[in-house]
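A.B. asks: Predicted structure and sequence below. I'll ask about it afterward.
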Amino acid sequence: MFKKIVTATGCILILLFMNISGQKLLFENGDYYIFYSGNSGSSSLMVTAEGVEALKVKSTIKDLSGESAYYLNVDKSAEILENFNAKVIFTQSISDIKNIYAYSEEIEDYIILNGQKINLHIAVTKDKTVAGSPIIFGGY
């Protein structure tokens, strides 16, 4: 009986590891992340995770529809665009927030915004950079 329990536990752990190891975070080294489940929009379910727990949390989300990473006290917009070989489609500045809407062949999902494919949205403020795909849902 004990042997069966140990074997079953081992199988479950292997499956969990395989599930987590097959995934990765879209954006690396964020201070914290928000994952979106369900509808692609502000009505989707939002789950927040600290940087070190983010991959574990992401692996538990069903129907993942988006991901955002928050980088505090740094402008990472150029680095993120370069990492994804993204083409800037348009930018928009509102108050103290610069929004960059881009498209990358390296990111699978996209939305149509102003008649253009968008799958990378970066918002830069004086105290943080937020990167989201396909866009940042909710506030930033």
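C.D. replies: Ah, there it is. All values reported here derive from a predicted model rather than from experimental measurement. Residues are numbered from 1 along each chain as shown.

A.B. asks: Check the secondary structure at the residue nearest the centre of the chain for me.
C.D. replies: Most central in the chain under C-alpha atoms, centre = their mean is E67, positioned 2.3 Å from the mean C-alpha point. Taking DSSP: H, G, I helix; E, B strand; the rest coil as the rule, one finds E67 in the strand state.

A.B. asks: What about the nearest residue to it once chain neighbours are set aside? Give its phi and psi, please.
C.D. replies: With C-beta to C-beta, 6 or more residues apart in numbering as the criterion, E67 has its nearest non-adjacent residue at 4.8 Å, and that residue is L26. Where C-beta positions appear, they are placed from N, C-alpha and C, glycine not excepted. L26 adopts backbone torsions of phi -70, psi -40, taken as degrees, to the nearest 10.

A.B. asks: Next one: the residue nearest to the centre of the chain from K98, what distance?
C.D. replies: Look at E67 and K98: by C-beta to C-beta, to the nearest Å, they are 21 Å apart.
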